[in-house]
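> curious how this folds, go ahead:
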Amino acid sequence: MPPPRPHPLARSRLSERAGALVESLWDRGVTPKPPLEPEFLWQVGSKGFDPADAQSLRSADDVADFRARLENLCQSLRDEAQLNPLGHTMAYGQITGAIRQRHALGRLWRERPELAATLIAPPIIVVGQMRAGTTRMQRLLAADPAHAGTRFCDSHNPLPRRPDLRPLKAAAMLAIARRINPWLDTLHPFGPTRADEEIGWLAAALDACTYEAQYRITGYIAWSEARTAHAVYREFSRLLRTDAATHGNAAMPRVLKCPQFCEHLPALLELFPDARLVVTHRDHREVLASSVSMVAAQSAFQSDQLSLADIEAEWRRKIALREARVEAALVQWTGPVARVDFAALSADWRGEISRTYAALGLALTPQALSAMEAEQARSARDAHHTHARDLARFGGV
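Below is the predicted model of the structure:
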């Protein structure tokens, strides 16, 4: 188990040494500090690709949306984020990686357009606030042999390859991340091939979700919240269909989950009108405390100018926004919905699962329950249970 986290904005010694090393390399002229300018990042990320790869199967609106997101995200990172050297380096790597991945996928779809059009079974979509039991529900449902889940390594590296070395690359990435942030697994139980949220697919389209948990980018968040997300979810759909074709599980309902679904649920449901929904609920005070702790842990490494009060105010607003948007979307939804209470799931997961399957019109088989028992046993050994210990020491956050 990881050591106790001394403070919500605590940083490891390794992260501080890494930041100091990066700054020293810049100061000595060993390597230039890369500008977070859209055109520069585009040149780096698109190097070696055909310009046509940026469009491929994407509409003109989809192409324009990505470029607009790149422009606005970079502006917020430059003007608002107050990045330290490590944060600047990580932002540079994330954005150039997203541009490179977008081109690589475009090239794949130009060569094999049928992948992005793969027919898939109606998905099961888990919708809920961050820290409200969405991961637990996703993994229980995905454990059912009749269902499929998205592997962590495929969310963050969706480009299929032969041989598939993505699990090994994800394991190496997590090993480095755990050295930088020794409390990482107290926040979320990671595993290279475990079922996990599709946040990597959204981040690849430059949706705000992964960036807002790491950087202070209020301008970009406001711009993104006010903007339609249809282009983001069209890319998401292409990625899902490609992933299903690659793994040969297109006929199995995919259990999808990301708290960001709350903000743009109509755009997602427009693409999957036959979906089944699982909506999780948890006490707002608990959601807020846990969310602030997670965001503080993520962002502490990126900037030296952070305020817990600011983080709490932003996530209090964000939680209210997400709840309002989900409930507004559900008023218009006529498909199956199961509502799951976090406390009830913790007290009697079998009972909540049984009720969920009944509400969704699914058959809960002995094989499914047996697989879920194994998932629960694995979860019981995860380090994230110690997060409650840290929250108690923080006095809420």
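> report the longest helix in the chain, please.
helix 85-111 (DSSP state H).
> what about that helix, distance to the chain center?
Helix 85-111 sits 16 Å away from the centroid of its parent chain (CA atoms, centre = their mean, to the nearest Å).
> report the rounded mean pLDDT for whichever helix or strand comes after that helix.
Under the assignment DSSP states H and E, the closest C-terminal helix or strand after helix 85-111 is strand 124-127. Computed over strand 124-127, the mean pLDDT rounds to 98.
> show me the shaky parts of the stretch 201-350 of the chain.
The stretch 201-350 of the chain contains no residues with pLDDT under 70.
> what segments of it are helices?
Along the stretch 201-350 of the chain, counting by DSSP state H, counting those that start in this stretch, helices occupy 209-212, 218-225, 230-247, 265-271, 284-299, 308-332, 342-347, 349-360.
> which parts of the longest helix of the chain are buried?
85-92, 94-109 (16 or more other CB atoms under 10 Å). Backbone N, C-alpha and C define where each C-beta goes, glycine included.
> name the nearest residue to Leu364, ignoring sequence neighbours.
Counting by CB to CB, 6 or more residues apart in numbering, the nearest residue to Leu364 once its immediate chain neighbours are dropped is Tyr357, at 4.2 Å.
> for the residue nearest to Leu9 when sequence neighbours are not counted, give its distance to Ser15.
Closest residue to Leu9 apart from its sequence neighbours, by CB to CB, 6+ apart: Ala300 at 4.3 Å. Using CB to CB, to the nearest Å, Ala300 is found at 8 Å from Ser15.
> of these two, which one has the most company?
Ala300 (23 against 19; other CB atoms under 10 Å).
> for the spatially closest residue to Val326 that is not a sequence neighbour, grab the count of nearby residues.
Closest residue to Val326 apart from its sequence neighbours, by CB to CB, 6+ apart: Cys262 at 4.9 Å. Summarising burial for Cys262: neighbours were counted as other CB under 10 Å, giving 25.
> what do you get for Ile176?
11.
> isn't there a helix covering it?
Yes - Ile176: assigned to a helix according to DSSP: H, G, I helix; E, B strand; the rest coil.
> next one: it from Ala20, what distance?
17 Å.
> ok, Gln376 next?
43 Å.
> next one: Ala142
Counting by CB to CB, the gap from Ala142 to Ala20 is 41 Å.
> these two: which has the busier surroundings?
Using other CB under 10 Å, the more surrounded residue of Ala142 and Ala20 is Ala142, with 26 against 13.
> residues contacting whichever strand or helix holds the more buried one, please?
Counting by DSSP H and E, the element that carries Ala142 is helix 134-143. In this structure, residues lying in contact with helix 134-143 by CB atoms under 8 Å, 6 or more residues apart in numbering are 124, 126-128, 147-149, 188-189, 194-197, 255-259, 278, 280, 340, 345, 349, 353, 356, 368, 371-372, 374-376, 379.
> tell me, how many residues neighbour the residue nearest to Pro113 when sequence neighbours are not counted?
Nearest residue to Pro113 in three dimensions, chain neighbours excluded: Leu57, at 5.9 Å (CB to CB, 6+ apart). Burial of Leu57 is recorded as 17 neighbouring residues (other CB under 10 Å).
> A helix includes Leu57, no?
No - under three-state DSSP, Leu57 sits outside any helix and is assigned coil.
> can you put the helices of the stretch 201-350 of the chain in TSV and add distance to Leu25?
As requested, the helices of the stretch 201-350 of the chain are arranged in TSV below (distance: least, CB to CB, whole Å):
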stretch	distance to Leu25
helix 209-212	24
helix 218-225	28
helix 230-247	35
helix 265-271	42
helix 284-299	23
helix 308-332	30
helix 342-347	45
helix 349-360	50
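> which stretch among those comes nearest Leu391?
helix 284-299 (5.8 Å; CB to CB).
> helices or strands up against the closest one?
helix 184-187, helix 308-332, helix 387-394 (3 or more CB pairs under 8 Å, 6 or more residues apart in numbering; DSSP states H and E).
> if you set the cut-off to 6 Å instead, what comes out?
helix 308-332 (3 or more CB pairs under 6 Å, 6 or more residues apart in numbering; DSSP states H and E).
> work out which residue lies at the spatial centre of the chain.
By CA atoms, centre = their mean, the chain has its centre lying nearest to Ile199, at 2.2 Å.
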